[in-house]
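# A predicted structure for the sequence below; I have some questions about it.
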Protein chains: 2
Amino acid sequence: MLNLSVLNESSFDPEKLNKYASIMCCGNGYLGVRATHEEHYTLQTRGMYLAGVYHRAGRNETNERVNLPDVLGLELYLDGENFTLLSGEVLRWERELAFANGELRRSVVWRSSKGKRYRISSRRFVSMDQLSLIALQFSVTPLDGSAQMRLSTGIDATQTNSGRQHLDEVSVRVFDQQYIQGVYGTQDRAAEVVISARCQLDTESESWFTAKNRRLNCHHSFEVEEGQKVTFEKIVWVTHRSDKTLSQASFARNNLRDLTAHAAKGYDALLEMTACAWENLWQASRVTVCSEHPEDQLALDYAVWHLNTMMPAQDERCSIGAKGLTGEGYKGHVFWDTEIFLLPFYLFTSPQNARHLLRYRWLNLPGAREKARRNGWSGALFPWESASNGQEETPEFAAINIRTGIRQKVASALAEHHIVADIAWAVVAYWQATHDSAFMRNEGLTLLTETATFWIARAIDINGRLEIHDVIGPDEYTEHVNNNAYTNYMAWHNVAHALQLMHHFERKDERFEQAAQNFLERLWLPQPIQAGVIPQDDTFMSKPAIDLSRYKNTAGKQTILLDYSRTEVNEMQILKQADVVMLTYLLPERFTHSQCLANLAYYEPLTIHDSSLSQSVHGIVAARSGEVASAYQFWQEGAAIDLGGDAHSSDDGIHAAATGAIWSGVIQGFAGVTVVDGELNLSPLLPGQWQRLQFPLKWRTAHLNIIVENQTLMVNTTEPVTLTVWGETLTILDSHTFTVDDFYLAVHGTATTRGEA
Amino acid sequence: MLNLSVLNESSFDPEKLNKYASIMCCGNGYLGVRATHEEHYTLQTRGMYLAGVYHRAGRNETNERVNLPDVLGLELYLDGENFTLLSGEVLRWERELAFANGELRRSVVWRSSKGKRYRISSRRFVSMDQLSLIALQFSVTPLDGSAQMRLSTGIDATQTNSGRQHLDEVSVRVFDQQYIQGVYGTQDRAAEVVISARCQLDTESESWFTAKNRRLNCHHSFEVEEGQKVTFEKIVWVTHRSDKTLSQASFARNNLRDLTAHAAKGYDALLEMTACAWENLWQASRVTVCSEHPEDQLALDYAVWHLNTMMPAQDERCSIGAKGLTGEGYKGHVFWDTEIFLLPFYLFTSPQNARHLLRYRWLNLPGAREKARRNGWSGALFPWESASNGQEETPEFAAINIRTGIRQKVASALAEHHIVADIAWAVVAYWQATHDSAFMRNEGLTLLTETATFWIARAIDINGRLEIHDVIGPDEYTEHVNNNAYTNYMAWHNVAHALQLMHHFERKDERFEQAAQNFLERLWLPQPIQAGVIPQDDTFMSKPAIDLSRYKNTAGKQTILLDYSRTEVNEMQILKQADVVMLTYLLPERFTHSQCLANLAYYEPLTIHDSSLSQSVHGIVAARSGEVASAYQFWQEGAAIDLGGDAHSSDDGIHAAATGAIWSGVIQGFAGVTVVDGELNLSPLLPGQWQRLQFPLKWRTAHLNIIVENQTLMVNTTEPVTLTVWGETLTILDSHTFTVDDFYLAVHGTATTRGEA
């Protein structure tokens, strides 16, 4: 029995409406629904999103994830007074998201400004079993005498993305006095969305429907006795399409038919079904810790919950945006975050999802080839920001500088080319973890060679060696540099594995082979200059450094840009996140522990951690290098990005990559899961605050269960598996326990030896 | 000294946010700004509109008045708490619109939920002197200890028309640390809007600017001592254009230059200037009554205020929408209301504005000709709903029937052709009141002959007489009838005056003359059938009647349509408003008092008054017919349409025509101002509750001042004028007093005699 966490919101705080709307957002990879309250608040941003539904809403805009008509909003009048927690008094408050089944619950006792008390409860979920399904129950009990109530809810298409409207209202309908349906089309007519809902009240009421100004509503007016609980139930079905194989009428009718069939089962049965689906997901992916800090388990459940709700497993044309399906931040665009920070979780828990994310890139190769061509290179240059069709979605110009009126060209799309190698890295990781030759033959090799071809074209000959000029590494505070270490090493890794896997699969391409060989022999890989420190790029080491402590105190807020222009920042040793540390995380076999530690020690003081991707990577590298106390601190700081006290850091959605990093910090950090020479390594080293760590791990065809406890490591496997633990390689048939002796050997013997090799 | 009314909102009631936002809406005919509070409420609909700025926002939509980016919204944090009157306690509340200068003021003492008290005051106005100018002062005084405050406001382009977005954000700028500017374009690129604002705080603050998600904001964070009042001042300048004579940069720069120049004068000086402009308007149009009911004077000031704020005197391409510039109802479209219910006010107070409204129709003749052609007729068939370019804006289909899914064709545009004669009626009225031959020669005769030509083409020969088939009269509950009395009489009036004025101006058109003569001789004018009652149409008298009392109790709400379908209503003697009563109002010389009374008595019980245009017309006809008590009741009911207790009747804007009717009810009703045979008639008969009535009246070149008091009528004139008072015609050189004897003669003698003639 999994004893899953429950995420609580401890009190009603109008300032945190959007934080909790994001972190408690419900979803299933197909659909995401922000955890907004049923009643309206001016500070509350509602949101419902469908994976893959993007649209461009006018001049100076880019494609963005469409905020759909709202289905959760509800106007409640209690004895003539509009229910809002801003007025009257909140006498009791409970709100929680149960990770076990994804149910979001709230129970409030409210005293109106007229002095009457009411209990108002709601529960709802987005089904993990039926991806189109959202269910809501909303109950009211008058506690001081009978009450006259009016309740209105429906489908509200006045919803916008901050005032940008993407949808035309095509039609609105009412069927059988309880079903409502709205059909909407994106203004470019490329996609259609149908939303139907069954609305039922469990008491006699005067009821009527209205459709006006893009709002289709059902209204109920009724009297309730003191102590009587009335419950309103709304079952919603959301579908979309971008093809026109069916007539619009048939498409809408099918939606209604499916709603009818499922709604007939009732809220509780539907919840049971979604709980079963979640049970399977948790079995495959839950990480359990015994920690002095109970919030560590909460953070892990929180992360794994969101990693499951953001995965669009139903449609390979979709990948994961930087905010998942929890908000409009970054306009729902897909970045390198997906391959680097999210893919490892899927790789080790549900590799078919990792394959899916790579298929998304493969399907979008035409856009990547086109971008490379347009810039004068061959191969595939993946867009820095990607949406539904693989074209570059990064706005050509940044938001206007409101002081100068000038729009600056956005540099990321022009120079942040490491995404190409990042995708290749993910293909290699997928191959190593799965040995899925079918994928490699069909898609993997194409992705590897196309990306490798890009690098071969991208490098230039400088006095006989190949260099990569004018790039931006992950550290976006250092733009347009030459021989960025991260980029060069990753490009080398990309080309090397393309070549190796071409050989492995006996794919012949002599011209490519020659070019790749030449590239690998001649590409400049920045070498350590002092005690293992690798220069971030050609000029970094010569730049001045300043005291960054005050900016580090406000990490994540980019306060440095209030004091210095981007140009000034660029000319100093100031890192948003550390490229070289990142590199040592991604290519562990290339660097010794002491090199890792040296770079960590050198770059950390220069790093503000203004990217949510920064701390967690530092933590993993620290953990792997034996610096477990600082690793634990980094990990906690990473977990606090969304779960911490900042009221507004998650307003426009959670940090998807940061949730991936919570998982990675534990599995790839403290448990020391790495892939070295294509094989699985573990070298766990738990923080002092943790007594036990348990997690499932998928490797090739084996399902492993791993327990780290009392200075032992227990591995159970469904079939024989070869792995290296603390430097000792062996094949386990069904289970094996490694003891602390191995551990000491690893930390003070083998590992150190390897580190100094 | 005019002692103008002040419109009060006596308490803060969240249910009435939109009622007061409409009835206290400020404007100047160029710009209308809804009287929303600075702080946000979910139930509050903000609105700022420019006369003539319409746009169509997608499929299934029509052109609508664009809701512009908001400039009045303001977020205020007082000691960390978001200021909203929903929370905490309102200890003192005053809110008023001063009609003398158009200043809207609010003063609130608020206790936050933390228990601290603050005084929050604001005052603002839309300038009648500088049409682009809006000025706001917002002050806060902490009353219990010092306070930490944060204030954010700017230009918020997330504003929509119920979720429909019309504008692209072109650019946003900040100049000199205090000016902000947004440039917006309609999505069809036809129009551009520039909004600039100067933001100043009268105390030291930390301040910064942000531009994100269509919101350009300035923020101030500051500390205030107990008892210290801090004032934030915002001066806004709004311009638009549909031509491209200037570059966009120049157009935006000019806007900023004009703002800078005017803002430099300061709030109080700018208010003084607008007060002067208002003073002139009030001198020309104020109606003063001494009544037992002080709300009568308020209603008149309210009406005249709005009649002045809705008149787009600056641009003849604009006319007046059904809600003026106070809301989005009827999408800002122009109906027959303008010529019939609003034009009389302008005709008798500022005839240049009446001319302006007719010029709008004249400029839009191409659309009207096109519509007639497309339907197989000649002449001009004016659109039932009109926006900026004279094309028919009535949606082809009504809103979808949410139960059947069927969209019904909208009948008004197809058959409510009386608007053609209504416009012609207004041209004739303008001619009679002004003798403006220049207008008649250039525009008037064209309007008259084009409309007459339409009727000549529209009529059909039935057994030797001309009939007009398949029309809808003003009574929209009776559709597709033949020989609607209102339409036939008005068409006859149209053709007759076209012919007469062609002769008068010696304009020769033999073909037209012959056709017109033939039409006038042969058009069937429904004749009285019993005691003077004129049948509304060919079939009306044969339809069954039902008891309408319960529907009359909810007049204006169209509750009949909840019980009967439109088709059923059409087959019964049920009137939305009474056509024949309307006819006797517009063509008083054609009907005797007893005929008027007979039709009033016959039709009133069959009339629900579901149109806001209904009661007032009944009142005028009753007043003219001597039924002054019932006239007063009708007038009061008409005044209550916006000013009465209904919390939601004005949510989407005031009833512009109803404000015209408040004025008309007094001047054309109780004062008995009529035009008979082209000459001015007065036969005042005040309600028993009124002791005195005074009003200015423009007639030809004379400015009259008329006082009815103590059963006398005093007329002062700036130059000799001939008029008929209580049946007695005489020429007044400068002033004259008529006595009660004349009055008795009129009511019991002459009038009765004339009535029986």
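Received the coordinates, thanks. Keep in mind that what you see is a predicted model, and the values were worked out from it rather than measured.
# Show the average pLDDT along stretch A:531-545.
For stretch A:531-545, the mean pLDDT works out to 94.
# What of stretch A:627-645?
On average, stretch A:627-645 scores 95.
# Then stretch A:607-618?
Stretch A:607-618 comes out at a mean pLDDT of 91.
# Ends of that stretch, what's the gap?
End-to-end distance for stretch A:607-618, by C-alpha to C-alpha, to the nearest Å: 10 Å.
# for stretch A:16-36, same thing?
11 Å.
# That one: how far from the chain's middle?
Relative to its chain's centre, stretch A:16-36 lies at 13 Å (C-alpha atoms, centre = their mean, to the nearest Å).
# likewise stretch A:709-726?
Its chain's average C-alpha position is 29 Å from that of stretch A:709-726, according to C-alpha atoms, centre = their mean.
# For that stretch, give the mean pLDDT please.
94.
# distance between the ends of it?
15 Å.
# buried set for the longest strand along chain A?
Using DSSP state E to define each element, chain A has its longest strand at strand A:230-241. Within strand A:230-241, the residues scored as buried using 16 or more other C-beta atoms under 10 Å in any protein chain shown are A:V230, A:T231, A:F232, A:E233, A:K234, A:I235, A:V236, A:W237, A:V238, A:T239, A:H240. (Glycine included, C-beta is placed from N, CA and C.)
# Packing partners of the helix or strand hosting A:V90?
For A:V90, the element it lies in under DSSP states H and E is strand A:89-98. Strand A:89-98 is packed against strand A:6-8, strand A:103-111, with contacts defined by 3 or more C-beta pairs under 8 Å, 6 or more residues apart in numbering or on different chains; DSSP states H and E.
# what comes up buried for whichever strand or helix holds A:Q297?
Per DSSP H and E: A:Q297 is located in helix A:294-309. Using 16+ other C-beta under 10 Å as the test for burial, helix A:294-309 gives A:296-309.
# Following element in sequence after that helix, please.
Downstream of helix A:294-309 (by DSSP H and E), the next one is helix A:337.
# What is that following helix packed up against?
Using 3+ C-beta pairs under 8 Å, 6+ apart, helix A:337 sits against helix A:656-664.
# Close to chain B: what parts of the stretch 151-300 of chain A are there?
By C-beta under 8 Å from any C-beta of the partner chain, the residues of the stretch 151-300 of chain A that approach chain B are A:157-160, A:162-165, A:168-174, A:180, A:185, A:187, A:209, A:211-216.
# What strands flank the helix or strand A:Y118 falls within, and is each parallel or antiparallel?
Element membership for A:Y118, per DSSP H and E: strand A:117-126. Strand A:117-126 pairs in its sheet with strand A:103-111 (antiparallel), strand A:133-142 (antiparallel), by DSSP bridges.
# Just the mean pLDDT for the last one, thanks.
Think strand A:133-142. Here the average pLDDT along strand A:133-142 is 98.
# same question, the first one
Per-residue pLDDT over strand A:103-111 has a mean of 98.
# mind checking how far that strand is from the chain centre?
On C-alpha atoms, centre = their mean, the centre of strand A:103-111 falls 28 Å from the chain's centre.
# how about low-confidence regions in chain A?
A:1, A:400, A:740-757 (pLDDT under 70).
# related to what we said a few turns ago, now that we have the residues of the stretch 151-300 of chain A next to chain B, which of them are buried?
A:157-160, A:162-165, A:168-174, A:180, A:185, A:187, A:209, A:211, A:213-216.
# coming back round to it: compare the strands paired with strand A:117-126 and give me the one nearest A:S735.
A:S735 lies closest to strand A:103-111 among these, at 35.5 Å (C-beta to C-beta).
# about what we covered before: next, the angle from the longest strand of chain A to strand A:133-142.
Inter-element angle recorded for strand A:230-241 and strand A:133-142: 160 degrees (by axes from the mean of the first three to the mean of the last three C-alpha atoms, to 10 degrees).
# I'd like to know which elements strand A:230-241 is packed against.
So strand A:230-241, by 3+ C-beta pairs under 8 Å, 6+ apart, packs with strand A:48-50, strand A:133-142, strand A:147-156, strand A:192-201, strand A:215-224, helix A:248-263, helix A:267-285.
# Can you give the strand pairings for the shortest one, parallel or anti for each?
Going back to what we said before, that points to strand A:48-50. Strand A:48-50 pairs in its sheet with strand A:31-33 (antiparallel), by DSSP bridges.
# Helices of the stretch 601-750 of chain A, start to end?
Applying DSSP state H, counting those that start in this stretch to the stretch 601-750 of chain A gives helices spanning A:614-624, A:628-643, A:656-664, A:740-744.
# my bad, should have said the stretch 301-450 of chain A
According to DSSP H, counting those that start in this stretch, the helices that the stretch 301-450 of chain A contains are A:337, A:343-349, A:351-363, A:365-374, A:411-415, A:418-434, A:437-439, A:445-458.
# To A:I560, which of those helices lies closest?
Across the helices of the stretch 301-450 of chain A, closest to A:I560 is helix A:411-415 (C-beta to C-beta), at 17.0 Å.
# Name all residues that make contact with A:G665.
A:G665 makes contacts with A:S616, A:G619, A:I620, A:A623, A:A631, A:F634, A:W635, A:G638, as judged by C-beta atoms under 8 Å, 6 or more residues apart in numbering or on different chains.
# Please verify my assumption that A:N161 contacts A:G58.
No. With contact defined as C-beta atoms under 8 Å, A:N161 and A:G58 do not form a contacting pair (11.0 Å).
# These two: who's more crowded?
Ranked by neighbour count (other C-beta atoms under 10 Å in any protein chain shown), A:N161 and A:G58 place A:N161 first, with 24 against 16.
# And for A:W377, nearest residue in space, chain neighbours not counted?
A:A457 (4.2 Å; C-beta to C-beta, 6 or more residues apart in numbering or on different chains).
# try A:Q200
According to C-beta to C-beta, 6+ apart, the nearest residue to A:Q200 is A:E233 (4.8 Å).
# before we move on, what about A:H293?
A:Q689 (6.0 Å).
# For A:P351, which non-adjacent residue is closest in space?
Using C-beta to C-beta, 6+ apart and skipping the chain neighbours, the partner closest in space to A:P351 is A:T434 (4.9 Å).
# Can you give me the distance of the one you found to chain B?
Taking C-beta to the nearest C-beta, to the nearest Å as the measure, A:T434 and chain B are separated by 41 Å.
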